[in-house]
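S.K.: okay, here's the prediction I keep looking at, along with the sequence it came from:
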Amino acid sequence: MLSNLCSRRLIKALPASSTHLQGPFVPLTHLFSQESASSLSQIANFATKNKTAAGRTKTNNMPKSSKKKRSRADVAASAPYSAISAIANKNGGNRGRDSSSSSNLIAPNTNLGQHFLKNPAVVTAIVAKSAIKPTDVVLEIGPGTGNMTVPLLEQCKSLVAIEYDTRMVREVLKRVEGSTHDHKLRVIQGDAIKTAFPFFDVCVANVPYQISSPLVFKLLSHRPMFRCAVMMFQEEFALRLTAKPGEALYCRLSVNTQLLAKVDQLMKVGRNNFRPPPKVESRVVRIELRNPPPPVDFTEWDGMVRLLFNRKNKTLRAGLMVKATIKMLEENRRTHASLRGGDGADDMKDVDMERGIVEIIEEVVGKGSKWDGKRASKLDLDDFLTLLAEFNKRGVHFA
Ligand code: SAH
């Protein structure tokens, strides 16, 4: 029966197409923290590995080892986020049972961040906050055994779920089989980070914390724009998304996310609402893309924000007056000048280029300037936008 179920509504994942990263937002790959940058390079590596000799990408996104029967050790080794999950596994491993769903039949694999929501009141609250309309297409990432899938199906027109673990795929299909909402569910088996998202109005997710950054990144660059995403994150990550200037958690992720989206904290969820309980507390946030997106060159924006947040508690001047940075800005200036045409390059031929950049930095953020003594940790979005415009006006570019 299960194989029937799967063949009817289980779709093998198509790899995420690069077009997701195109449009006014390219390249967003640099927009996030180092954590996400490394996740993204993992993604790139994985995609490369998945290419056939002929250069085609296979449609099955599961690592090779998942196609054969795997031991627990195999799973750990091949899981996409095994390094982090190995840590999670050390203190996870609660094989407790709850009576709320069929999930009590399946041992959670903490290597895959499987922490099932066991408190129906939390599930109900998340579904309510998602404000699903009867005409909505919902995207659920990591449905697990379907604790949220079932009440979401009751509200929406249709739901597409992306789930990595084949056991969970079978479980969620089985759970919905025969219900009045059966026809609304489609499950894509694959890694949500590497899988092309279908069209959706609302995204709902309680996913492993290891994929938080790349998932937020993927949603921020997703087009067409969706109405909102209601997501469960590790508390600290959720707080970073909405951190304000001057707060300890204010970071590059905060600035980049807030530039592209409005994020609201919806609720706190204690660790005991999950089976097994994760090590940390969680929070649910709502993400709504800014529409229209702000008129800024994001590559430049992130180039500057990255530099300034590398030394977020130093003055802007100290953050920029670094030999390597000056050299990089110099090279950028030359590239931009030559892209503007021969005259730009000629104009600069006789100028002491290094001195030029140093002088401009002094002028914009040095003594007596408006930004004298200011630090990235205290600047808001408008400040960063103004600062970028001031540098650009003087021919200084961060990408
Ligand atoms: N949403 C369910 C399950 C949460 S556990 C609930 O709240 O009860 C997280 C789920 O995400 C698991 O089912 C896990 O297998 C799945 N998952 C882990 N990594 C994933 C990935 N990269 N892509 C898609 N699903 C993933």
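M.R.: Happy to help now that I have it.
S.K.: going forward, measure contacts and count neighbours with C-alpha atoms only.
M.R.: Noted.
S.K.: next, the contact list for residue 255, please.
M.R.: Contacts here follow Cα atoms under 8 Å, 6 or more residues apart in numbering; on that basis residue 255 touches 305, 380, 381.
S.K.: most neighbours, which of those?
M.R.: residue 305 (23 neighbours; other Cα atoms under 10 Å).
S.K.: so residue 143 touches residue 172, yeah?
M.R.: Yes. Proximity of residue 143 to residue 172 meets the contact threshold set by Cα atoms under 8 Å, at 7.3 Å.
S.K.: okay, these two: which has more neighbours?
M.R.: The neighbour comparison of residue 143 against residue 172 (other Cα under 10 Å) goes to residue 143, with 27 against 24.
S.K.: now that one: how far from residue 163?
M.R.: If you measure residue 143 against residue 163 using Cα to Cα, to the nearest Å, the figure is 6 Å.
S.K.: now what about stretch 129-144, what contacts it?
M.R.: With Cα under 8 Å, 6+ apart as the test, stretch 129-144 has contacts from 114, 116, 149, 152, 155-164, 168-169, 171-172, 192, 198-207, 228-230, 266.
S.K.: among those residues, which are in strands?
M.R.: Members of these lying in strands (criterion: DSSP state E): 116, 158-163, 202-206, 228-230, 266.
S.K.: what's the overlap in contacts for residue 143 and residue 172?
M.R.: Shared contacts of residue 143 and residue 172, defined by Cα under 8 Å, 6+ apart, comprise residue 149.
S.K.: wouldn't residue 240 be in contact with residue 256 here?
M.R.: No. Between residue 240 and residue 256 there is no contact under Cα under 8 Å: 10.8 Å.
S.K.: any idea of the mean pLDDT for the helix or strand hosting residue 129?
M.R.: Using DSSP states H and E, residue 129 falls within helix 120-130. Per-residue pLDDT values across helix 120-130 average out to 98.
S.K.: and this protein, which of its residues are near the ligand?
M.R.: Contact residues, the chain versus the ligand (Cα under 6 Å from any ligand atom): 112-117, 141-144, 147-148, 162-165, 168, 191-193, 206-208.
S.K.: export stretch 324-344 as PDB, just CAs?
M.R.: C-alpha atoms of stretch 324-344 as PDB (Å, rounded to 0.1, in the frame of the first residue of the first chain):
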ATOM      1  CA  ALA A 324      43.500  44.700   2.600                       C
ATOM      2  CA  THR A 325      40.200  46.600   2.500                       C
ATOM      3  CA  ILE A 326      41.900  49.700   1.000                       C
ATOM      4  CA  LYS A 327      43.500  47.500  -1.700                       C
ATOM      5  CA  MET A 328      40.200  45.800  -2.400                       C
ATOM      6  CA  LEU A 329      38.300  49.200  -2.700                       C
ATOM      7  CA  GLU A 330      41.100  50.400  -4.900                       C
ATOM      8  CA  GLU A 331      40.700  47.500  -7.300                       C
ATOM      9  CA  ASN A 332      36.900  47.900  -7.200                       C
ATOM     10  CA  ARG A 333      37.300  51.600  -8.100                       C
ATOM     11  CA  ARG A 334      39.500  50.700 -11.000                       C
ATOM     12  CA  THR A 335      37.000  48.100 -12.300                       C
ATOM     13  CA  HIS A 336      34.100  50.400 -12.000                       C
ATOM     14  CA  ALA A 337      36.000  53.200 -13.700                       C
ATOM     15  CA  SER A 338      36.900  51.000 -16.600                       C
ATOM     16  CA  LEU A 339      33.400  49.700 -16.800                       C
ATOM     17  CA  ARG A 340      32.200  53.300 -17.000                       C
ATOM     18  CA  GLY A 341      34.400  53.700 -20.100                       C
ATOM     19  CA  GLY A 342      37.900  54.700 -21.100                       C
ATOM     20  CA  ASP A 343      37.600  58.300 -19.800                       C
ATOM     21  CA  GLY A 344      37.000  57.200 -16.200                       C
END
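S.K.: buried stuff in it?
M.R.: Burial within stretch 324-344, assessed by neighbour count using 16 or more other Cα atoms under 10 Å, is assigned to 326, 329, 330, 331, 332, 333, 334, 336, 337, 344.
S.K.: next one: stretch 236-256
M.R.: For stretch 236-256, a neighbour-count test (16+ other Cα under 10 Å) marks 237-245, 249-256 as buried.
S.K.: so who does residue 165 touch?
M.R.: Counted by Cα under 8 Å, 6+ apart, residue 165 has contacts 189, 190.
S.K.: distance check, it against residue 171.
M.R.: 10 Å.
S.K.: next: residue 106.
M.R.: To residue 171, residue 106 is 9 Å away according to Cα to Cα.
S.K.: which of these two has more residues huddled nearby?
M.R.: Using other Cα under 10 Å, the more surrounded residue of residue 106 and residue 171 is residue 171, with 21 against 13.
S.K.: which residue sits closest to that one, ignoring its sequence neighbours?
M.R.: Spatial nearest neighbour of residue 171, chain neighbours left out: residue 145 (5.5 Å); criterion: Cα to Cα, 6 or more residues apart in numbering.
S.K.: how deep is residue 295 tucked in, by neighbour count?
M.R.: Other residues close to residue 295 by other Cα under 10 Å number 7.
S.K.: and it, backbone torsions?
M.R.: Note on residue 295: backbone dihedrals following degrees, to the nearest 10 are phi -80, psi 80.
S.K.: could you do the one 10 residues further on as well?
M.R.: The main-chain torsion angles of residue 305 are listed as degrees, to the nearest 10 and equal phi -60, psi -40.
S.K.: list the contacts of it.
M.R.: So residue 305 contacts 252, 255, 384 (Cα under 8 Å, 6+ apart).
S.K.: would you map the strands across the stretch 251-399 of the chain?
M.R.: Applying DSSP state E, counting those that start in this stretch to the stretch 251-399 of the chain gives strands spanning 261-269, 274-275, 282-289.
S.K.: need the winner for burial among those.
M.R.: Mean neighbour count (mean count of other Cα atoms under 10 Å) peaks for strand 282-289 among those, with a mean of 22.
S.K.: and residue 195, its phi and psi?
M.R.: Dihedral angles (degrees, to the nearest 10) for residue 195: phi -100, psi 130.
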